[in-house]
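Engineer: Below: sequence and its predicted model.
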Protein chains: 4
Amino acid sequence: MIHTISKIRVRYAETDRMDVVYHSNYLIWFETARILMLDEIGIPYTGIEKRGLLLPVLTVSAAYKSPARFDDRLEVHLYMREKPRARMRFEYEVKRGDELLATGETTHGFMDLKGKGMRPPQDLMEKIESAWEQDMTAVV
Amino acid sequence: MIHTISKIRVRYAETDRMDVVYHSNYLIWFETARILMLDEIGIPYTGIEKRGLLLPVLTVSAAYKSPARFDDRLEVHLYMREKPRARMRFEYEVKRGDELLATGETTHGFMDLKGKGMRPPQDLMEKIESAWEQDMTAVV
Amino acid sequence: MIHTISKIRVRYAETDRMDVVYHSNYLIWFETARILMLDEIGIPYTGIEKRGLLLPVLTVSAAYKSPARFDDRLEVHLYMREKPRARMRFEYEVKRGDELLATGETTHGFMDLKGKGMRPPQDLMEKIESAWEQDMTAVV
Amino acid sequence: MIHTISKIRVRYAETDRMDVVYHSNYLIWFETARILMLDEIGIPYTGIEKRGLLLPVLTVSAAYKSPARFDDRLEVHLYMREKPRARMRFEYEVKRGDELLATGETTHGFMDLKGKGMRPPQDLMEKIESAWEQDMTAVV
């Protein structure tokens, strides 16, 4: 398993008139969590794109349990629970202290710049697998 | 069933450096589709909130099949396929002409301003049911 | 002069917890107004970018007089009051009915894909000048 | 003078198809800088709003010199160069290392929840003035 914890402080712009975080912003936080996780295992996302590879979101889901609010300090937990393959699947938990505010999941595939599905490069897969085998857990 | 079709023209601000629409923006389009549908059946969302009711998103999911791009003229199809209850469920299709770009689903519950779950008001439910029974389909 | 009027309906996602439109969204509306104006005079912005030209924002300013709110139907007035040159300057007014909510101004230059400043293409300039000379005014 | 420096790492969602940060996002960064500055001088913005006061943006301007890009680590410098009064004015510089990417300015007034202009509370003004008199400079 891979488990990383990133920190978010809620921006004013992320709230809506219900006085809570507008729901689509969680997806942006999930992405921030992925990018920090990739940094941590030595695969900066900018490096992936420099090779002409993209890692688009294929599916996303989220369940909102309790609202996040302006200026909240949150933790975004990212979990990779399945051994990585051509498609990768990440799960997320957004927490304020011990309170679970939301959960989510995304799946991703590798693509070239023309949108064609690609096998993930061997060296990237090895780094991800190595982190996965080591049960990496890190605050990123 | 309720089926409405709303039109979206992709904004520059909605794109990202992959030259496609950033994935979280589809959730904003889904919401626009819900609001136009509620208008169409005579329940403007501003009116719901004036009563002290909120209709928050409980869950959301989306599957991205083909990217939307800057300036695309899209149709967002909203479907309410289940008889409305305390929780409501909507499905979405985002299309560019005949091409299906993405699908999605959201569920919602009624809540008061303190975040307490509420029964939906009888008159609102009747309007939604009436549209549902009539198999309403409309370009909104 | 060129004067175009475009219509905006405020999205829920554009509000913040002050129950007003978050101020940076006006800049996105200004851009929508520019793109519709360019369409109207026969220079779709997608066509400009297909030639390898960009029309980036060099400066922007806005003054907020009265807040726009969720679901408001607004008019965004765009004015080109100066004869077009290498740099172009647009002014904006955001109105709800007769009420002026905000004013703004942007300046733009032509750039190639590497970020180098470019002279505007002759045919584009002619179309803009022609609209300017005719005192074009249009709902777009 | 007050001078604070906050750090931003550019999010994927903040880019557009020109492969640069979409221009309206700088305004969100300016706000983040203000909120961190207010924290630093002991006036958390959440505390201001709890008193029933708002500090809306009255005017904003920005000049874009060189684009920020995905994953850039930026510094947002905030300067309060004028002695604070009923209206406050902040200036901004966005830098990537030594390179100045953009400058900006915002002005603000105090308002009650009904939108009526208010005198700033004495204790808040004293804290701001005290930081200003001390020539506060801080990484926040």
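Structural biologist: On my side now, so go ahead. Numbers count the residues shown, from 1 in each chain, chains lettered A, B, ... in the order given.
Engineer: is any part of stretch A:61-80 close to chain D?
Structural biologist: Yes - using Cβ under 8 Å from any Cβ of the partner chain, stretch A:61-80 comes into contact with chain D via A:70-71. The way it works is simple: take the backbone N, C-alpha and C, and place the C-beta from them, glycine included.
Engineer: Any idea how far apart the tips of that stretch sit?
Structural biologist: This stretch, stretch A:61-80, spans 15 Å end to end (Cα to Cα, to the nearest Å).
Engineer: buried set for it?
Structural biologist: Of the residues in stretch A:61-80, A:61-64, A:67-72, A:74-80 count as buried by neighbour count, 16 or more other Cβ atoms under 10 Å in any protein chain shown.
Engineer: what's the answer for stretch A:46-57, then?
Structural biologist: Quick answer for stretch A:46-57 (16+ other Cβ under 10 Å): A:48-49, A:53-55, A:57.
Engineer: And stretch A:102-115, by the same measure?
Structural biologist: Buried, per 16+ other Cβ under 10 Å, within stretch A:102-115: A:102-106, A:108-111.
Engineer: Quick check: of these, which lies closest to residue A:90?
Structural biologist: Set against residue A:90, the nearest of those by Cβ to Cβ is residue A:106 (5.3 Å).
Engineer: before we move on, back to that, which ones among the buried residues of stretch A:102-115 lie within helices?
Structural biologist: Using DSSP state H, no member of the buried residues of stretch A:102-115 sits in helices.
Engineer: Pipe the residues you listed into JSON lines and attach distance to chain D and pLDDT per row.
Structural biologist: Converted to JSON lines, the buried residues of stretch A:102-115 look like this (distance: Cβ to the nearest Cβ, whole Å; pLDDT from 0 to 100):
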{"residue": "A:102", "distance to chain D": "17", "pLDDT": "98"}
{"residue": "A:103", "distance to chain D": "20", "pLDDT": "98"}
{"residue": "A:104", "distance to chain D": "15", "pLDDT": "98"}
{"residue": "A:105", "distance to chain D": "18", "pLDDT": "98"}
{"residue": "A:106", "distance to chain D": "13", "pLDDT": "98"}
{"residue": "A:108", "distance to chain D": "13", "pLDDT": "97"}
{"residue": "A:109", "distance to chain D": "17", "pLDDT": "94"}
{"residue": "A:110", "distance to chain D": "16", "pLDDT": "92"}
{"residue": "A:111", "distance to chain D": "15", "pLDDT": "92"}
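Engineer: Say whether chain B is contacted by stretch A:96-115.
Structural biologist: Yes - using Cβ under 8 Å from any Cβ, stretch A:96-115 comes into contact with chain B via residue A:115.
Engineer: Return the alpha-carbon coordinates of that stretch using CSV.
Structural biologist: C-alpha atoms of stretch A:96-115 as CSV (Å, rounded to 0.1, in the frame of the first residue of the first chain):
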residue,chain,number,x,y,z
ARG,A,96,-10.4,17.8,9.8
GLY,A,97,-8.6,16.5,12.8
ASP,A,98,-10.3,13.1,13.5
GLU,A,99,-13.4,14.0,11.6
LEU,A,100,-13.9,12.4,8.2
LEU,A,101,-15.4,15.0,5.9
ALA,A,102,-15.3,13.2,2.6
THR,A,103,-14.1,10.2,0.8
GLY,A,104,-13.2,9.8,-2.8
GLU,A,105,-11.7,7.6,-5.5
THR,A,106,-10.1,8.2,-8.9
THR,A,107,-8.8,6.0,-11.6
HIS,A,108,-6.2,6.9,-14.2
GLY,A,109,-4.5,5.5,-17.3
PHE,A,110,-1.4,6.5,-19.2
MET,A,111,-2.0,8.3,-22.5
ASP,A,112,0.3,9.9,-25.1
LEU,A,113,-0.2,13.5,-26.2
LYS,A,114,-2.6,12.4,-29.0
GLY,A,115,-4.9,10.7,-26.4
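Engineer: Report the distance from that stretch to the chain centre.
Structural biologist: On the basis of Cα atoms, centre = their mean, to the nearest Å, stretch A:96-115 sits 4 Å off its chain's mean C-alpha point.
Engineer: got the CA positions of the lengthiest helix in chain A in PDB?
Structural biologist: Determined from DSSP H, the single longest helix within chain A is helix A:25-40. The C-alpha coordinates for helix A:25-40 follow below in PDB (Å, rounded to 0.1, in the frame of the first residue of the first chain):
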ATOM      1  CA  ASN A  25     -13.000  21.700  -5.200                       C
ATOM      2  CA  TYR A  26     -12.400  18.300  -3.400                       C
ATOM      3  CA  LEU A  27     -11.300  17.000  -6.800                       C
ATOM      4  CA  ILE A  28      -8.600  19.600  -7.100                       C
ATOM      5  CA  TRP A  29      -7.400  18.600  -3.600                       C
ATOM      6  CA  PHE A  30      -7.300  15.000  -4.700                       C
ATOM      7  CA  GLU A  31      -5.100  16.000  -7.600                       C
ATOM      8  CA  THR A  32      -2.800  18.000  -5.300                       C
ATOM      9  CA  ALA A  33      -2.500  14.800  -3.100                       C
ATOM     10  CA  ARG A  34      -1.600  12.700  -6.200                       C
ATOM     11  CA  ILE A  35       1.100  15.100  -7.300                       C
ATOM     12  CA  LEU A  36       2.700  15.300  -3.900                       C
ATOM     13  CA  MET A  37       2.600  11.500  -3.700                       C
ATOM     14  CA  LEU A  38       4.300  11.200  -7.100                       C
ATOM     15  CA  ASP A  39       7.000  13.700  -5.900                       C
ATOM     16  CA  GLU A  40       7.500  11.600  -2.800                       C
END
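Engineer: quick one: the one residue sitting closest to the centre of chain A from residue D:89, how far?
Structural biologist: Computing the C-alpha centroid of chain A and ranking residues by Cα atoms, centre = their mean puts residue A:34 first, at 3.1 Å. To residue D:89, residue A:34 is 39 Å away according to Cβ to Cβ, to the nearest Å.
Engineer: Now do the contacts for the residue nearest to the centre of chain A.
Structural biologist: Contacts for residue A:34 (Cβ atoms under 8 Å, 6 or more residues apart in numbering or on different chains) come out as A:45, A:78, A:90, A:106.
Engineer: Check whether residue A:71 really touches residue D:44, as I assumed.
Structural biologist: Yes - using Cβ atoms under 8 Å, residue A:71 is in contact with residue D:44, at 7.4 Å.
Engineer: what's the residue of chain A most remote from its centre sitting at in phi/psi?
Structural biologist: The outermost residue of chain A, judged against the average C-alpha position, is residue A:17 (26.6 Å), by Cα atoms, centre = their mean. Torsion angles at residue A:17 (phi, psi; degrees, to the nearest 10) stand at phi -70, psi -10.
Engineer: mind listing what the residue nearest to it when sequence neighbours are not counted touches?
Structural biologist: Once flanking residues are discounted, residue A:17 sits nearest to residue C:15: 4.0 Å by Cβ to Cβ, 6 or more residues apart in numbering or on different chains. Taking Cβ under 8 Å, 6+ apart as the criterion, residue C:15 is in contact with A:16-17, C:21-22, C:69-70.
Engineer: just these now: which is nearest residue B:30?
Structural biologist: Nearest to residue B:30 among the contacts of residue C:15, with distances taken as Cβ to Cβ, is residue A:16, at 14.6 Å.
Engineer: ok, that closest one to residue A:64 distance?
Structural biologist: 13 Å.
Engineer: swap in residue A:133?
Structural biologist: Remark: distance between residue A:133 and residue A:64 (Cβ to Cβ) = 33 Å.
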